[in-house]
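**Q** my questions are about this predicted structure, shown below with the sequence.
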Amino acid sequence: MQTLELTTTQRHGFGEKKGMNTPNAFFHAKFAGQTEQYGAAFLELREDLALGKTKICPISINLDFFASILSDPGIGLSVVYFEPDMQFYFNSPFQPMYRPVSPEKLQNLYRGFLIKCAEQCQSEVNILNLFHEFRQEKVARQVTNRAKSVLAADQSFFSPTSAYQRERGPELHERLMRNLCETMLERREGGCLTVTQAYQIFCRLSEQRQLGPLKRSMFKAVMRDCVMEVHGLGLRRDVPDEVTRKQQEAWKGLQIVAREVLAG
């Protein structure tokens, strides 16, 4: 007699040694949260044989489930698909920020899960599909393609105010500007900070942090908003230069502090 099952536990009770004899039970033990959210890992075919024996064969995979386990705190890995860049990023406990990762590397991770499952299944499980069919490139690509929606992250994930940070992301320049506004600038009567002075300070800080250059026009646009948000001061275009007396762009009532940081 043959029956199809999506269950993750067996008749003799989950948690005992015999309860780990199916692929679904194996993945449920490691990824219980994902199983609860997306369902069992496989559609399993159970065939009752003579002498009370049973043969179990996983015949179809749950793409949503396998896409979800590519990112799991339990294995020390966080993966997101950043939609604005159409790029996967990963972070591990040994790295301070997210880094790009290729779909091919995530596919290798998926294949590794299947091998571990096949190794630990008992003799009543037919592991052919685990070892061969489900590890084929076309199936692995289906998993990472599904992960683009399951692990999707929007623009806010790497925003300048987000707790998450990626390597060499364009938002790092804005994070630096916000830090400059909050910790190195202060309102002071009689103070004046020109766009040129602010840009020179920013370039020095950016060089110290190896962030790379940023066009002055882009700097001015973002810095103008940061200063308004942090200090409530607008950018003026009628501030005379002390030497040439020509009008220049500056923030009146704003002054640089903590100059020792720039000397480092």
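**A** That came in fine, so what should we check first? Numbering: from 1, shown residues only.

**Q** in this protein, which helix or strand is least confident?
**A** strand 2-5 (a mean of 55; mean pLDDT, DSSP states H and E).

**Q** pretty sure residue 60 is touching residue 41, no?
**A** No: Residue 60 lies out of contact with residue 41 (CB atoms under 8 Å); the separation is 10.1 Å. (Each C-beta comes from the backbone N, C-alpha and C, glycine too.)

**Q** these two: which has the busier surroundings?
**A** residue 41 (29 against 14; other CB atoms under 10 Å).

**Q** which residue packs closest to that one, ignoring adjacent ones?
**A** residue 27 (4.1 Å; CB to CB, 6 or more residues apart in numbering).

**Q** ok, that neighbour - contacts?
**A** Neighbour list for residue 27: 8, 35, 40, 41, 42, 65, 69, 113, 117 [criterion: CB atoms under 8 Å, 6 or more residues apart in numbering].

**Q** now do the SS call for it.
**A** helix (DSSP: H, G, I helix; E, B strand; the rest coil).

**Q** what does the pLDDT read for it?
**A** Note for residue 27: predicted pLDDT of 95.

**Q** the stretch 51-200 of the chain: strands as residue ranges?
**A** Remark: strands assigned in the stretch 51-200 of the chain by DSSP state E, counting those that start in this stretch are 54-61, 78-82, 87-91, 99-101, 152-153, 185-194.

**Q** residue 118: neighbour count?
**A** 20.

**Q** whoops, I mixed them up, residue 42
**A** 27.

**Q** that one contacts residue 24, correct?
**A** Yes: using CB under 8 Å, residue 42 makes contact with residue 24 at a distance of 5.6 Å.

**Q** which residues touch the longest helix along the chain?
**A** Longest helix in the chain by number of residues (criterion: DSSP state H): helix 103-120. Helix 103-120 has contacts (CB under 8 Å, 6+ apart) with 20, 23, 26-27, 66, 69-70, 79, 88, 127, 130-131, 134-135, 137, 140-141, 143-144, 147.

**Q** let's see that with 6 Å instead.
**A** For helix 103-120, contacts defined as CB atoms under 6 Å, 6 or more residues apart in numbering pick out 23, 26, 66, 70, 127, 130, 131, 134, 135, 140, 143, 144.

**Q** in helices, which of the residues you listed appear?
**A** 23, 26, 66, 130, 131, 140, 143, 144.

**Q** generate a markdown table for those residues, with distance to residue 202 and neighbour count as supplementary columns.
**A** As requested, the ones in helices among the contacts of helix 103-120 are exported to a markdown table (distance: CB to CB, whole Å; neighbours: other CB atoms under 10 Å):
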| residue | distance to residue 202 | neighbour count |
| --- | --- | --- |
| 23 | 55 | 28 |
| 26 | 53 | 23 |
| 66 | 45 | 28 |
| 130 | 54 | 24 |
| 131 | 55 | 15 |
| 140 | 44 | 21 |
| 143 | 43 | 26 |
| 144 | 38 | 23 |
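
**Q** and the gap between the closest residue to residue 96 other than its chain neighbours and residue 213?
**A** Counting by CB to CB, 6+ apart, the nearest residue to residue 96 once its immediate chain neighbours are dropped is residue 165, at 7.5 Å. Relative to residue 213, residue 165 is positioned 20 Å away (CB to CB, to the nearest Å).

**Q** neighbour count: these two, which is higher?
**A** Taking other CB under 10 Å, residue 165 and residue 213 do not tie; residue 165 has more neighbours (15 against 10).

**Q** show me where pLDDT drops low in the protein?
**A** Along the chain, segments meeting pLDDT under 70 span 1-20, 52, 242-243, 258-264.

**Q** and the protein, what are its domain boundaries?
**A** As given by automatic domain parsing, the domain ranges for the chain are 2-158, 171-261.

**Q** most packed of the ones you listed?
**A** The highest mean neighbour count among those, using mean count of other CB atoms under 10 Å, belongs to domain 2-158: a mean of 17.

**Q** alright, that wraps it up for me.
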